[in-house]
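Asker: below are the sequence and a predicted model for it; my questions follow.
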Amino acid sequence: MRHKIRFAGLDSQNREQASEINPKHPELFTGPQLKHLIFPLVIEQILAVFMGMADTIMVASCGEAAVSGISIVDTISVLLIGLFGAMAAGGSVVTAQYIGKKDDKNVARAAGQLFLAIGGISLFLMAFTLIFNEPLLQVIYGSIDKDVLENARIYFYISSISYPFLAFYNSAAALFRAVGNSKVSMQISLFSNLFNIAGNALLIYVFHLGVAGAGISTLISRIISAVLILILLKKQGEFPVEFRLKPDKRILGQILYIGIPNGLENSIFQLGKLLLSSLIAGFGTVAIAANAVASTICGLEIIPANAIGIAMVTVVGQCIGAGELSQARHYMGRLVKTAYLWLLVLNLSLLPFLRVICGLFQLSAETSALAIELMVYHSICCMLIHPLSFCLTNGLRAANDVRFTMTVSICSMWICRIVMAYLLSLYFGLGLMGIWIAMTIDWLVRAIFFTTRVLGGKWRRYAMRSLN
């Protein structure tokens, strides 16, 4: 799909007025176009969850030290990879806005500047983690068992080399989504995940390389993903990419304006999760296992909302670029309603089978009962709150209202999710359930602030900045 935008052709001074006076301009996205955008994103999210589970099961054959070593490295990697994702999100917002303006020249520049920025960041992080591999692990995790540290050290080295390839893949995938083409990243994700599983089977089961085998398989799959998507980006001609080593201060500044607040928000969110994981560990093995299983299964329950949140960037970003602010608000509401519908259907379908699904993990009766209790509570809150908390925020980011979303998210995370978790779990004696209740209080606060922001219309001030 190439720039399916029917822009009214108004100058920047008249766009806001036109979007208010005549909201019946032809829709920028038809129903079929939205389906073609969202459905591959849902499939890609499902693949990520199920392939991740399969990957964990295969690595588990190497022993507990291997699983633990990979787990602690992945915890660090989530923080670092979040920076790539935040920068890619910034690039996709800026690109989508220029697409909405039908400004091919700046679309090409924005794409090129995104690769320049994310290439520099990823190379720096790769070098930093390669040089300070073991000291970094020891500083973060203190005194851990030698066999766990050795496995983590090996996996961290190999994983670090993959950062630039993962960064370029994320950037190219974000650019494809910016023009409404999410099928490419879905297809490459399917291929690379299947390759990763096949590589794990060969290197772990046949050549007995253990953690190194898992790392090598992941590295090769990320290299292949990056190469394939960059080739397709060049061949399919969705839009040109202007590769320049010289920074374009104006466009790079626009990308960083979105990417830096988003990166800070993601990083602080992950740090908060690390803090809560230490709190959960204090409740014993039953709580740890129940939380792990419930979190894994609950990841399935929010897949549609996550996919629609990603699509929101493309849709709202193009509307903002085209000066169609009324359509931007219309699509925010429409996509949130779609997310609610999907979550209702999915969660109501899963609720009767939670006990059966939980039984696949072969838990004790006490652990299983706690996990089911958590999942039921999560399902109910998902259907009531989740889309307003996490879909709308992407719509506001796509409208350049990034500082508000960052401030609300960080404050709500620490005040509601962290402080309330300690109060409810320890002071009120609710244990693990108290932590999950605090999490949904965080959802509720975000939902109230983001909904009020959208309905109040203050986000329009920031959206107009991209039109001037």
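Answerer: Cool, got the structure.
Asker: separation between residue 264 and residue 405?
Answerer: 11 Å (C-beta to C-beta, to the nearest Å). C-beta here means a position set from N, CA and C on the backbone, and glycine is covered the same way.
Asker: so between these two, which is more surrounded?
Answerer: Ranked by neighbour count (other C-beta atoms under 10 Å), residue 264 and residue 405 place residue 405 first, with 24 against 16.
Asker: contacting residues for the more buried one?
Answerer: Residues near residue 405 by C-beta atoms under 8 Å, 6 or more residues apart in numbering: 261, 265, 393, 396, 397, 450.
Asker: so what's the fifth one closest to, chain neighbours aside?
Answerer: To tie it back to what came earlier, the one meant is residue 397. residue 405 (5.8 Å; C-beta to C-beta, 6 or more residues apart in numbering).
Asker: equivalent analysis for the first one, please.
Answerer: Spatial nearest neighbour of residue 261, chain neighbours left out: residue 406 (3.9 Å); criterion: C-beta to C-beta, 6+ apart.
Asker: what about the residue nearest to residue 397, distance to residue 248?
Answerer: For residue 405 relative to residue 248 (C-beta to C-beta), the value is 25 Å.
Asker: what is the rounded mean pLDDT of stretch 320-334?
Answerer: Mean pLDDT, stretch 320-334: 94.
Asker: mind exporting the C-alpha coordinates of it to CSV?
Answerer: Provided in CSV are the C-alpha atoms of stretch 320-334 (Å, rounded to 0.1, in the frame of the first residue of the first chain):
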residue,chain,number,x,y,z
ILE,A,320,-2.0,14.3,11.9
GLY,A,321,0.3,14.8,8.9
ALA,A,322,-2.7,15.2,6.7
GLY,A,323,-4.1,17.9,9.0
GLU,A,324,-7.2,15.7,9.8
LEU,A,325,-7.3,16.2,13.6
SER,A,326,-11.0,15.2,13.8
GLN,A,327,-10.2,12.0,11.9
ALA,A,328,-7.3,11.4,14.3
ARG,A,329,-9.7,11.5,17.3
HIS,A,330,-12.2,9.5,15.4
TYR,A,331,-9.7,6.7,14.8
MET,A,332,-8.5,6.8,18.4
GLY,A,333,-12.0,6.0,19.5
ARG,A,334,-12.7,3.5,16.7
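Asker: now do the buried residues in it.
Answerer: Residues of stretch 320-334 classed as buried under the neighbour-count rule (16 or more other C-beta atoms under 10 Å) are 320-332, 334.
Asker: where does residue 4 land on pLDDT?
Answerer: Model confidence at residue 4, given as pLDDT, is 37.
Asker: from the contacts of residue 405, which is closest to residue 410?
Answerer: Closest approach to residue 410 among the contacts of residue 405 (C-beta to C-beta): residue 265, at 6.1 Å.
Asker: and the host helix or strand of that closest one, how far from the chain's centre?
Answerer: Assigned by DSSP states H and E, residue 265 falls within helix 249-281. Chain-centre distance of helix 249-281: 11 Å, with C-alpha atoms, centre = their mean, to the nearest Å.
Asker: again, but for stretch 444-461
Answerer: The answer for stretch 444-461 is 21 Å, by C-alpha atoms, centre = their mean.
Asker: returning to that earlier point: mind giving me the packing neighbours of the following helix or strand past the helix holding residue 265?
Answerer: Where DSSP H and E defines the elements, the next helix or strand beyond helix 249-281 is helix 285-301. Counting contacts by 3 or more C-beta pairs under 8 Å, 6 or more residues apart in numbering; DSSP states H and E, helix 285-301 is packed against helix 31-59, helix 249-281, helix 325-350, helix 354-359, helix 365-384, helix 431-456.
Asker: try it again with 7 Å
Answerer: Contact partners of helix 285-301 among helices and strands, from 3 or more C-beta pairs under 7 Å, 6 or more residues apart in numbering; DSSP states H and E: helix 31-59, helix 249-281, helix 325-350, helix 365-384, helix 431-456.
Asker: can I get these in JSON lines with distance to residue 116?
Answerer: As requested, the helices and strands packed on helix 285-301 are exported to JSON lines (distance: least, C-beta to C-beta, whole Å):
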{"stretch": "helix 31-59", "distance to residue 116": "26"}
{"stretch": "helix 249-281", "distance to residue 116": "7"}
{"stretch": "helix 325-350", "distance to residue 116": "28"}
{"stretch": "helix 365-384", "distance to residue 116": "39"}
{"stretch": "helix 431-456", "distance to residue 116": "32"}
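Asker: surely residue 399 is in contact with residue 328?
Answerer: Yes - Residue 399 is in contact with residue 328 according to C-beta atoms under 7 Å; the separation is 6.3 Å.
Asker: intersection of neighbour lists for these two?
Answerer: 316, 320, 463 (C-beta atoms under 7 Å, 6 or more residues apart in numbering).
Asker: so how far is residue 253 from residue 396?
Answerer: In terms of C-beta to C-beta, residue 396 sits 20 Å off from residue 253.
Asker: name the helix or strand of the chain that has the lowest mean pLDDT.
Answerer: Every helix and strand of the chain was ranked by mean pLDDT, DSSP states H and E. The lowest is helix 12-21, at a mean of 40.
Asker: mind checking which of the helices and strands packed on helix 285-301 is nearest residue 199?
Answerer: helix 31-59 (10.0 Å).
Asker: quick one: average confidence on the closest one?
Answerer: Averaging pLDDT along helix 31-59 yields 83.
Asker: report all helices and strands that that helix contacts.
Answerer: So helix 31-59, by 3+ C-beta pairs under 7 Å, 6+ apart, packs with helix 64-101, helix 183-200, helix 285-301, helix 303-321.
Asker: so which bits of the last one are buried?
Answerer: Residues of helix 303-321 classed as buried under the neighbour-count rule (16+ other C-beta under 10 Å) are 303-321.
Asker: got a list of what the most centrally placed residue in the chain touches?
Answerer: Closest to where the C-alpha atoms of the chain average out (C-alpha atoms, centre = their mean) is residue 85, at 6.9 Å. Residue 85 makes contacts with 170, 266, as judged by C-beta under 7 Å, 6+ apart.
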